[in-house]
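[1] Pasting a predicted model and its sequence here:
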Amino acid sequence: MSIEIRQVSKYYGQQAALKDVSFGVKRGEVVGFLGPNGAGKSTMMKIITCYIPPSEGEVKVAGLDHFNDSLKLRRKVGYLPENNPLYPEMYIREYLRFVAGIYGIPKAKQRVEEIIETVGLELESHKQIGALSKGYRQRVGLAQALIHDPEVLVLDEPTSGLDPNQLEDIRALIKRIGKEKTVLLSTHIMQEVEAICNRAIIIKRGQIVADSPVSELKSARGKIVFHLQVDKPLSLSKLEKIEGVLKVVETQKCRYKITSGKAIGPDLTAFVAREACTIEELRREEMTLEDVFKSLTQ
């Protein structure tokens, strides 16, 4: 495991920001770390990156212990915080050479040029950071997080405030980086998680409430909605008696929206056949990750 979190808790006075949190992330995984505001996401990321210590529990990154190998661990991690802390008066190359100097990177000038190309900053590389758009400032933040070639990348709201074109570019970049590194990504944009993450961890009030591949998370949680169209009217009361059906609404003549607590496709097919009707459409409505998120955190 590139990231190992075991029974981690964090207290601020009497208030618990994290309570007995455990999870692991493998190399080559891009994992979405999700939760409502105040759930403990940023606290967990700050613990992983050694900005703050846990009150209880064990943290290992790239096999290094949070307490005993703190300095070595930090060299293995690239971190882009939610509020990207850049120096607006510095030029891009100047800033990245400054960061490379902090890490003691050999051949820093060459490495700066490599990372500028990696994150797509070539056209803007002659500018001061303060003159850049939000999307290019985020690229500079990613460049500083990647310049020392870390094994683990921790990104807190990396696409906040970007326009659709910038979103697409940054998502593609993160997905490409995730093929070689471990990426833990915090965001409130569910479409972003579906687009680039292999797995999602959902946290609520400092505790994990879900941890699954994104596809399994959507199919395994909550209610299922079926859309049924037949050639002649059906009895709503009879439809409601099918085992598992929670609600039936006739949306148009001979069209029905059926909400159930389980998969009832075969039962619906058999019911329609008994009623001497012909199915013109039977479609299962896919549950979105946003639906799952709401059901788990509200």
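    Looks like it came in fine.
[2] only C-alpha atoms for contact and neighbour calcs from this point on.
    Noted.
[3] Please name the residues that touch the residue nearest the centre of the chain.
    In the chain, the residue lying closest to the centroid (Cα atoms, centre = their mean) is Gly32, at 2.2 Å. By Cα atoms under 8 Å, 6 or more residues apart in numbering, the residues touching Gly32 are Leu184, Leu185, Ser186, Thr187, Val193, Cys197, Asn198, Arg199, Ala200, Ile201.
[4] out of those, which are inside helices?
    Residues of these located in helices (DSSP state H): Val193.
[5] How far away from the center of its chain is the lowest-mean-pLDDT helix or strand in the chain?
    For the chain, using mean pLDDT, DSSP states H and E, the weakest element among its helices and strands is helix 214-220, scoring a mean of 74. Mean C-alpha position of helix 214-220 versus that of the full chain (Cα atoms, centre = their mean, to the nearest Å) differs by 14 Å.
[6] helices and strands around it, which ones?
    strand 199-204, helix 289-297 (3 or more Cα pairs under 8 Å, 6 or more residues apart in numbering; DSSP states H and E).
[7] If you count neighbours, what's buried in it?
    By neighbour count on 16 or more other Cα atoms under 10 Å, the buried set for helix 214-220 is Val214, Leu217, Lys218.
[8] could you dump that helix to CSV, C-alpha only?
    Written as CSV, here are the backbone C-alpha positions of helix 214-220 (Å, rounded to 0.1, in the frame of the first residue of the first chain):
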residue,chain,number,x,y,z
VAL,A,214,-17.3,3.9,-8.1
SER,A,215,-19.3,1.5,-10.3
GLU,A,216,-20.1,-0.8,-7.4
LEU,A,217,-21.0,2.2,-5.2
LYS,A,218,-23.6,3.4,-7.7
SER,A,219,-25.1,-0.1,-8.2
ALA,A,220,-25.2,-1.3,-4.6
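[9] Adding distance to Asp291, write the buried residues of helix 214-220 out as a markdown table.
    Output for the buried residues of helix 214-220, formatted as a markdown table (distance: Cα to Cα, whole Å):
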| residue | distance to Asp291 |
| --- | --- |
| Val214 | 12 |
| Leu217 | 11 |
| Lys218 | 8 |
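[10] picking up where we left off before, could you give the backbone dihedrals for the residue nearest to the centre of the chain?
    Main-chain torsions, Gly32, degrees, to the nearest 10: phi -80, psi 130.
[11] I figured Lys134 hits Gly161, correct?
    Yes: in this structure, Lys134 is within contact of Gly161 by Cα atoms under 8 Å, at 7.2 Å.
[12] Neighbour count: the two, which is higher?
    Lys134 (17 against 12; other Cα atoms under 10 Å).
[13] Pro88 versus that one, what's the distance?
    As judged by Cα to Cα, to the nearest Å, Lys134 and Pro88 stand 12 Å apart.
[14] roughly how far apart are His66 and Gly32?
    22 Å.
[15] Touching stretch 175-183 from outside, list them.
    Counting by Cα under 8 Å, 6+ apart, 2, 25-31, 150-155, 196-197 sit against stretch 175-183.
[16] Distance from the chain centre to stretch 51-65, please.
    The answer for stretch 51-65 is 21 Å, by Cα atoms, centre = their mean.
[17] Who is the residue nearest to the centre of the chain paired with across the strands?
    Counting by DSSP bridges, Gly32 is bridged to Leu185, Ala200.
[18] what pLDDT does it get?
    Here, the pLDDT recorded for Gly32 equals 95.
[19] Roughly how far does it sit from Val154?
    Distance, Gly32 to Val154, by Cα to Cα: 10 Å.
[20] could you point out where the stretch 101-250 of the chain is predicted with low confidence?
    Within the stretch 101-250 of the chain, the ranges that satisfy pLDDT under 70 run 219-222.
[21] just the helices in it please.
    108-118, 134-146, 164-177, 190-196, 214-220, 236-240 (DSSP state H, counting those that start in this stretch).
[22] orientation of the third one relative to helix 134-146 in degrees?
    Orientation of helix 164-177 against helix 134-146 (axes from the mean of the first three to the mean of the last three Cα atoms, to 10 degrees) gives an angle of 20 degrees.
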